[in-house]
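Trainee: Sharing a model prediction with you, sequence too.
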Amino acid sequence: NRSKKVHHYMVTLYVDFIENEQEYRGSSKTMVSSTMTEEELLNVLKDVAFAASFVKNKHYNLPKPGSAKIKENSSLFAKKPLSQWMPLISKAVFAEDQEELGWINSTEIFLNNIERRIRNSEGIDVSYSYYVGQIEFITEWNEGKESVELFSILDFSEFKEDQIKSRVREMLQESRERALAADMPNLKTIPVILSGEAVKDLFKYYVNKTNVQMIYEKISSIKLEDALQGTSVSGDLLSIDLVPALENSTESIPVDEDGVVLKKVSLIENGIVKNLHGSEQFSSYLGGQTTGVINNYQVSCGDRSLESFKTAPYVELLSFSDFQMEDLSGNLGGEIRLARYYDGQKCVSVTGGSISVNISEIHHQVYFSKEAIQFNNYYGPKAVLLGNLDVASR
């Protein structure tokens with residue numbers, strides 16, 4: 001075990017200037033050290049100011065102090081020194097390492113208590129603390145044609161023993177299935193179920209599309225009251241909230257890096273855009289209310305169970321080598337690392353092959369499972385029934 005205490009100082013310098021009668025506010029960031037002399041610090045800041053003078057951001061105001069109170073998140077980790085938690089976390093990780101043909105190859109555990117203070121020239125001076133934990137581990141399974149190793153990361157801000165054990169069990173099972181998997185066949189118009197962390201990425205697409213920076217930069221054309229899934233929806237309607245305080249998320253913070261106090265935002269209700277979200281800078285450009293940068297998102301589940309998606313032949317996509325959900329085009333897909341294919345008689349593990357579809361072509365017909373799952377800053381449906389799609393073979 002190793003532990004250390006460090007201080008990081010991040011300085012953002014703003015430079016106002018006028019060019020061709022247009023007002024600009026450029027900015028640039030740098031890290032400074034407490035060991036710097038006054039002369040060294042001034043030289044660094046001069047360089048930063050010079051860099052900021054070339055950044056042509058339209059002028060905007062910095063946040064000012066408000067009346068909203070900061071509410072910090074409580075954590076079990078605050079009850080005793082971090083060093084005393086490490087053996088408990090390690091024990092939870094290895095509790096499920098009981099298989100004969102599979103095991104945890106290696107693991108690293110990190111636990112941080114972060115104390116942050118944000119000040120600006122308008123008078124904001126706020127402080128808060130939070131915890132960031134991470135477990136990196138490799139599971140290995142030696143059965144079938146060759147040994148399979150899978151890498152996984154679990155982020156957390158609370159000690160949830162059952163969640164740690166569950167993730168290890170899932171990864172050992174996935175390693176086993178991957179080792180024994182057959183090649184993906186070429187499948188036409190078959191119901192496709194998306195599960196695993198790709199579900200988180202799928203819903204993040206809608207969070208990104210409603211971000212004020214994406215809209216200002218013309219990457220997204222979303223407007224308030226837009227029907228995101230169209231006007232004729234046969235599947236589940238989408239509802240997403242942004243929540244500053246999501247239990248066990250490492251992204252749960254009371255204020256953003258500009259010092260804006262964060263509150264829950266109802267982003268999308270039953271498929272309709274109710275609010276946009278994002279930083280003070282880009283909110284001011286669009287003339288809307290500033291929500292600040294909130295990184296936790298909570299998606300409403302559907303009424304159907306995951307098992308109800310499996311009454312006919314289907315493919316359930318469990319993991320990808322590299323799942324892609326493109327913000328600009330809406331294309332989703334990737335190479336399939338592990339899936340389960342049910343042909344109407346038996347269910348087998350398969351690997352390889354790929355899927356590719358545009359979300360705009362299917363989001364009027366998708367269904368969300370009533371079972372929920374959490375992946376760090378995402379809480380919502382465990383699986384999504386995408387509809388009848390083609391799956392390419394290896």
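Mentor: Looks like it arrived, so ask away.

Trainee: switch to C-alpha atoms for all contacts and neighbour counts from now on
Mentor: OK.

Trainee: Doesn't residue 63 belong to a strand?
Mentor: No: read with DSSP: H, G, I helix; E, B strand; the rest coil, residue 63 is coil and lies in no strand.

Trainee: So for it, what's the pLDDT?
Mentor: Residue 63 carries a pLDDT score of 93 in this model.

Trainee: can you tell me which residues contact it?
Mentor: Residues near residue 63 by CA atoms under 8 Å, 6 or more residues apart in numbering: 122, 124, 258-260, 280.

Trainee: Could you check the lengthiest helix in the chain and say which residues are buried?
Mentor: As assigned by DSSP state H, the longest helix anywhere in the chain is helix 161-180. For helix 161-180, the buried set under the neighbour-count rule, 16 or more other CA atoms under 10 Å, comprises 164-165, 167-169, 171-180.

Trainee: hang on, the earlier thing: quick one, which of the contacts of residue 63 are buried?
Mentor: 124, 258-260, 280.

Trainee: ok, back up a step: adding pLDDT and secondary structure, write the contacts of residue 63 out as CSV.
Mentor: Listed next are those as CSV, based on pLDDT from 0 to 100; DSSP: H, G, I helix; E, B strand; the rest coil:
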residue, pLDDT, secondary structure
122, 95, coil
124, 95, coil
258, 95, coil
259, 94, coil
260, 95, coil
280, 96, helix
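
Trainee: got a markdown table for these, with distance to residue 244 too?
Mentor: What follows is the contacts of residue 63, written out as a markdown table (distance: CA to CA, whole Å):
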| residue | distance to residue 244 |
| --- | --- |
| 122 | 23 |
| 124 | 19 |
| 258 | 15 |
| 259 | 13 |
| 260 | 12 |
| 280 | 16 |
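
Trainee: Looking at those, spot the one nearest residue 79.
Mentor: residue 259 (27.2 Å; CA to CA).

Trainee: ok, the closest one - contacts?
Mentor: Taking CA under 8 Å, 6+ apart as the criterion, residue 259 is in contact with 63, 118-119, 124-126.

Trainee: I'd like the distance between it and residue 69.
Mentor: Separation of residue 259 from residue 69 (CA to CA, to the nearest Å): 12 Å.

Trainee: swap in residue 337?
Mentor: Going from residue 337 to residue 69 by CA to CA gives 46 Å.

Trainee: More neighbours: which of those two?
Mentor: residue 337 (21 against 10; other CA atoms under 10 Å).

Trainee: is it true that the more buried one lies in a strand?
Mentor: Yes: membership of residue 337 in a strand is supported by three-state DSSP.

Trainee: Residue 316 is in contact with that one, correct?
Mentor: No: counting by CA atoms under 8 Å, residue 337 stays clear of residue 316, with 11.6 Å between them.

Trainee: Which residue, neighbours along the chain excluded, lies closest to residue 138?
Mentor: Leaving aside its chain neighbours, residue 138 sits nearest to residue 151 (4.5 Å; criterion: CA to CA, 6 or more residues apart in numbering).

Trainee: three-state assignment of that neighbour?
Mentor: strand.

Trainee: Just give me the neighbour total for it.
Mentor: For residue 151, the neighbour count with other CA under 10 Å is 14.

Trainee: Off-centre distance for stretch 169-188?
Mentor: Mean C-alpha position of stretch 169-188 versus that of the full chain (CA atoms, centre = their mean, to the nearest Å) differs by 25 Å.

Trainee: Now do that stretch, average pLDDT.
Mentor: On average, stretch 169-188 scores 96.

Trainee: repeat for stretch 325-337
Mentor: Average pLDDT, stretch 325-337: 95.

Trainee: Start and end of that stretch, how far apart?
Mentor: 16 Å.

Trainee: Distance-wise, check residue 254 relative to residue 260.
Mentor: Between residue 254 and residue 260 the distance is 9 Å, computed by CA to CA.

Trainee: typo on my end, residue 322
Mentor: Applying CA to CA to residue 322 and residue 260 gives a distance of 34 Å.

Trainee: backbone phi and psi for residue 307, please?
Mentor: Dihedral angles phi and psi of residue 307 (degrees, to the nearest 10) take the values phi -60, psi -30.

Trainee: Cool, thanks, talk later.
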